[in-house]
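Participant: Predicted coordinates and the sequence they were generated for:
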Amino acid sequence: MTKLLITEITRMGPAFCVIGLQREKEKIRSVRPVTATANSWLHFPYRRGDVLQCDLAPFSGSKPHIEDRVSTQGFQKESAVPEPEVVTFLRKAEMAETLRELFGCALHENRSGGAFAKPPEATRSVCGTVTQNLRLELYGDELRATLVLSSGEVLRDLPVVDRDWRDFLDAALAENRGANRVPRLERFLNSQFHYKVLSCPHHFIRLGLTRPYHELCWLMLDTLIPLPKHEWLEEF
Amino acid sequence: MGVIKDQAYWAHLVEECFRREAGPQAALPAPEQDLIETGALDSMGWVSFLRALESASGINQLGALLTQRTPSLESIFEVIRETQKESTADVFDTGASLAAASTDRAQLPAILISSGVAVGSRTVSSEDIDRAFGMPPGKLRLRAGIESLAYAAENENELMLGARAAQQSLRSVACGAQELDWIIATSETHRGYPSLSAQLHSQLLARETCAALDVGGACLGLLNALTVAQGLIASGHARTILVVTSDVHSRILRPGKVAGEFGGLFGDGASAFLLRAAASSAPPFSYLLGEFFFGCAGQYAGAIKVADSPNGNLDVHFDGEALSRAAITRMEKVLVDVEFRSGIARTSVLGLATHQPNPRLVTLLAKQLGLPTKKFPSVARTFGNLGSSTCGAALDAILQGARDPLTKKPGPIFLASLGPGLLFGGGWLTPA
């Protein structure tokens, strides 16, 4: 049996992609449980910070998704750790300070600034980093993040796939929230968001790579900690 | 921006940008077709297409304007029509408010809507500075009126302080950095590359099509930056501009490198101001930029000179007495000119945001002008001379005062500053 601390739950269309941390001797590394037939889970009733027992096949996925492990049984929740502690563990796993270190390869950009890696070059598909600044934006109805790493390098227009943040945005734009929902949300993202997220002592992000698509793996914002709180909706 | 173009132009532009994303052979979808649902573009392609269109058209925030609309060409044309309508309305609004702008130069008046300040987080007493520079204890306090200096901590620099002031300014009016069209920075101490404005651009996460510009002028830098910003807004090239000043003297003007009588006057700090094109309704507590004027009194050029010497040291020529006399005379003249040009009596202003070489000179200037010293916010006394940020810190203090519920009616503000050369400049702000 493997003990997995759940750190990522991301939205992939109607399903969820899950990543957790596994201790292996002195090292802590990321592991992505997948089913025998798919990379994502249609039903995943757990939360970030949950410690799950599971059975994982001992072979890795193909580059750059080397963290893939086939789950041969269901999950069983054993315990849960609070958010700051999750970040403590994340900081001990894959970390980078520069763009090049993120996935162990050069990153490229398309004409309008979107960043991608080439699958044969990338050596992993998930990595944590510290940001100097981060901005979320609703752009053409898509949630996008722009951020600056501690090296001063900027990543633009990253799709935000973090399940909790996406749920929060959906809740913020729900029809029962009254008029001017978009400007109210934009106002929140331009002001309170910074106080709540960037001033949080355990602020942390994890970036991931999509599965190869037309031979490119696009960067995405997998996890943004702190996770949003439902009561924040009352503030805007 | 601000230029009305015909339908054929937009159709061509949209088609070009779409083909850049979908490929040159791709058929142009029907206007009402949902581009993502029908697979014409995936979500990455959709955002990329909008960014390309935004960049080519100059319509900023195109993506934001499309939120909660079907991702289709029809929606894009709808947004273009709306922005074109707004541009036309701006022209009419401008016509109506020109008189209030009290300037016939400006096409679109600029308003200052928010501000922020950040000073070095280490407070050092003037006696400690005296000691560090090998001067008799009490010299700075007695001769210059400086009680303490704000010094940058180890992890603070021009970028950190400037970004902190900028964030304050942006957040106070819930303005996202993606709304900025230009970032104009000024600093008399930042010497590296990328330039300060470029670093601020990255740090604040402005959008790629936001321009970044550094202007000089040393202590006059803020006024230089404001007049550039005003010009950009007036010409219709920008709607939202962030002006940032940031100076960290304590790393350059160190004991052993320069004399204490000069180096001991300076502290570290930053200020930021958000400017917008005036629309029909201005946010509360915003100020309309009046006229700015500038000049150079070369007869005082020798009073202060700072240059890199071949051995890597800083070569400073500082004639304190001559500079003090010149500063007082010239600032008084500038402020009298501001009064004359604006038609606003100096006694009616809410405050004067001026350069403050040291507190003693501010007191003297107030006396010369027959004004109470409280009209000049105290910056140099507690933080030291902050270079280009002195005037900024003073302006911020006055603007914060205008928001004070005890302030009956926010009044106009006079600005005046000097830089080595001797450069001088002045201007005014009036409640919008």
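Facilitator: Alright, I've got the coordinates.

Participant: Would you mind measuring from residue B:14 to residue B:37?
Facilitator: According to C-beta to C-beta, to the nearest Å, residue B:14 and residue B:37 sit 19 Å apart. Where C-beta positions appear, they are placed from N, C-alpha and C, glycine not excepted.

Participant: In three-state terms, how would the residue of chain A most remote from its centre be classified?
Facilitator: Distance to the chain centre peaks in chain A at residue A:179, reaching 30.7 Å (criterion: C-alpha atoms, centre = their mean). Following DSSP: H, G, I helix; E, B strand; the rest coil, we place residue A:179 in the coil state.

Participant: Now do it against residue B:62, distance only.
Facilitator: In terms of C-beta to C-beta, residue A:179 sits 23 Å off from residue B:62.

Participant: Ok, residue B:406 next?
Facilitator: For residue B:406 relative to residue B:62 (C-beta to C-beta), the value is 44 Å.

Participant: between the two, which one's more packed in?
Facilitator: Neighbours were counted for residue B:406 and for residue B:62 using other C-beta atoms under 10 Å in any protein chain shown; residue B:62 has more, 22 against 5.

Participant: What helix or strand is the closest residue to that one other than its chain neighbours located in?
Facilitator: The shortest distance from residue B:62 to any non-neighbouring residue, by C-beta to C-beta, 6 or more residues apart in numbering or on different chains, is to residue B:54 (4.4 Å). Following DSSP states H and E, one finds residue B:54 within helix B:43-57.

Participant: buried set for the helix or strand harbouring residue B:397?
Facilitator: Assessed by DSSP H and E, residue B:397 sits inside helix B:388-403. Across helix B:388-403, burial judged by 16 or more other C-beta atoms under 10 Å in any protein chain shown covers B:388-399, B:401-402.

Participant: and if you look at stretch B:345-359?
Facilitator: So for stretch B:345-359, counting by 16+ other C-beta under 10 Å, buried means B:346, B:349-359.

Participant: tell me which helix or strand of chain A sits lowest on mean pLDDT?
Facilitator: strand A:108-109 (a mean of 88; mean pLDDT, DSSP states H and E).

Participant: rewinding a little: please compute how far the helix or strand that comes right after the helix holding residue B:397 lies from its chain's middle.
Facilitator: Remark: after helix B:388-403, the chain's next helix or strand is strand B:413-419, criterion DSSP H and E. A distance of 14 Å separates the centroid of the chain from that of strand B:413-419, by C-alpha atoms, centre = their mean, to the nearest Å.

Participant: how about the residues of the stretch 201-350 of chain B near chain A?
Facilitator: B:202-205, B:207-208 (C-beta under 8 Å from any C-beta of the partner chain).

Participant: and if we set it to 10 Å?
Facilitator: Contact residues (C-beta under 10 Å from any C-beta of the partner chain) of the stretch 201-350 of chain B with chain A: B:201-208.

Participant: What subset of these is buried?
Facilitator: B:201-207.

Participant: Where is pLDDT lowest across the residues you listed?
Facilitator: pLDDT is lowest at residue B:207 among those; the value there is 91.

Participant: Pull the number of nearby residues for the residue nearest to that residue when sequence neighbours are not counted.
Facilitator: Nearest non-adjacent residue to residue B:207, counting by C-beta to C-beta, 6+ apart: residue B:178, 4.9 Å away. The number of residues packed near residue B:178 is 24, by other C-beta under 10 Å.

Participant: Which residues are in contact with residue B:178?
Facilitator: A:135, A:137, A:139, A:144, A:146, A:186, A:189-190, B:60-61, B:63-64, B:204-207, B:209-210, B:240 (C-beta atoms under 10 Å, 6 or more residues apart in numbering or on different chains).

Participant: Give me the subset of the residues you listed lying in strands.
Facilitator: Using DSSP state E, the subset of the contacts of residue B:178 located in strands is A:135, A:137, A:139, A:144, A:146, B:240.

Participant: any idea how far chain B is from the second one?
Facilitator: For residue A:137, the distance to chain B equals 6 Å [C-beta to the nearest C-beta, to the nearest Å].

Participant: ok so, going back, and which of the buried residues of stretch B:345-359 is nearest to residue B:6?
Facilitator: residue B:353 (45.4 Å; C-beta to C-beta).

Participant: Might one say that that closest one is in contact with residue B:398?
Facilitator: Yes: when contacts are counted by C-beta atoms under 10 Å, residue B:353 is listed as touching residue B:398 (5.8 Å).

Participant: joint contacts of those two?
Facilitator: B:376-377, B:413-415, B:429.

Participant: Including pLDDT, neighbour count and distance to residue B:304, could those go into CSV?
Facilitator: Converted to CSV, the shared contacts of residue B:353 and residue B:398 look like this (pLDDT from 0 to 100; neighbours: other C-beta atoms under 10 Å in any protein chain shown; distance: C-beta to C-beta, whole Å):
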residue, pLDDT, neighbour count, distance to residue B:304
B:376, 97, 23, 22
B:377, 97, 23, 24
B:413, 98, 26, 27
B:414, 98, 26, 24
B:415, 98, 27, 21
B:429, 98, 27, 28
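
Participant: circling back to that earlier point, pick out whichever of the buried residues of stretch B:345-359 sits closest to residue B:194.
Facilitator: residue B:355 (27.6 Å).

Participant: wouldn't the closest one be in contact with residue B:361 here?
Facilitator: Yes: counting by C-beta under 10 Å, residue B:355 does reach residue B:361; the two are 9.2 Å apart.

Participant: Need the overlap of contacts for these two.
Facilitator: B:327, B:331, B:380, B:385.

Participant: Out of those residues, who's the most crowded?
Facilitator: Counting by other C-beta under 10 Å, top hit in these: residue B:380 with 29 neighbours.

Participant: show me what contacts the closest residue to it other than its chain neighbours?
Facilitator: In this structure, residue B:380 finds its nearest non-sequential neighbour in residue B:356, 3.9 Å apart by C-beta to C-beta, 6+ apart. Applying C-beta under 10 Å, 6+ apart, we find residue B:356 in contact with B:145, B:219, B:265, B:327, B:331, B:362, B:365, B:376-381, B:383-386, B:390-391, B:393-394, B:417.

Participant: If we use 8 Å, what do you get?
Facilitator: Residues near residue B:356 by C-beta atoms under 8 Å, 6 or more residues apart in numbering or on different chains: B:362, B:376, B:379-380, B:385, B:390, B:394.

Participant: Give me the subset of those residues that lies in helices.
Facilitator: B:362, B:380, B:390, B:394 (DSSP state H).

Participant: so how far is residue A:210 from the second one?
Facilitator: So the one you mean is residue B:380. 55 Å.

Participant: Not counting its neighbours along the chain, what's nearest the residue in the stretch 301-432 of chain B that chain A sits nearest to?
Facilitator: Nearest residue of the stretch 301-432 of chain B to chain A: residue B:403, at 16.7 Å (C-beta to the nearest C-beta). In space, residue B:403 comes closest to residue B:285 once its chain neighbours are excluded; the distance is 5.2 Å by C-beta to C-beta, 6+ apart.

Participant: For that neighbour, the count of nearby residues, please.
Facilitator: Counted with other C-beta under 10 Å, residue B:285 comes out at 19.

Participant: Confirm that it lies within a helix, as I assumed.
Facilitator: No: secondary structure of residue B:285 (three-state DSSP): coil, not part of a helix.

Participant: That one touches residue B:401, doesn't it?
Facilitator: No: with contact defined as C-beta atoms under 8 Å, residue B:285 does not reach residue B:401; the gap is 10.3 Å.

Participant: distance of residue A:152 from chain B?
Facilitator: 6 Å.

Participant: for the host helix or strand of residue B:262, packing partners?
Facilitator: Using DSSP H and E, residue B:262 sits within helix B:260-263. In terms of contacts (3 or more C-beta pairs under 8 Å, 6 or more residues apart in numbering or on different chains; DSSP states H and E), helix B:260-263 is packed against helix B:126-132, strand B:314-318.
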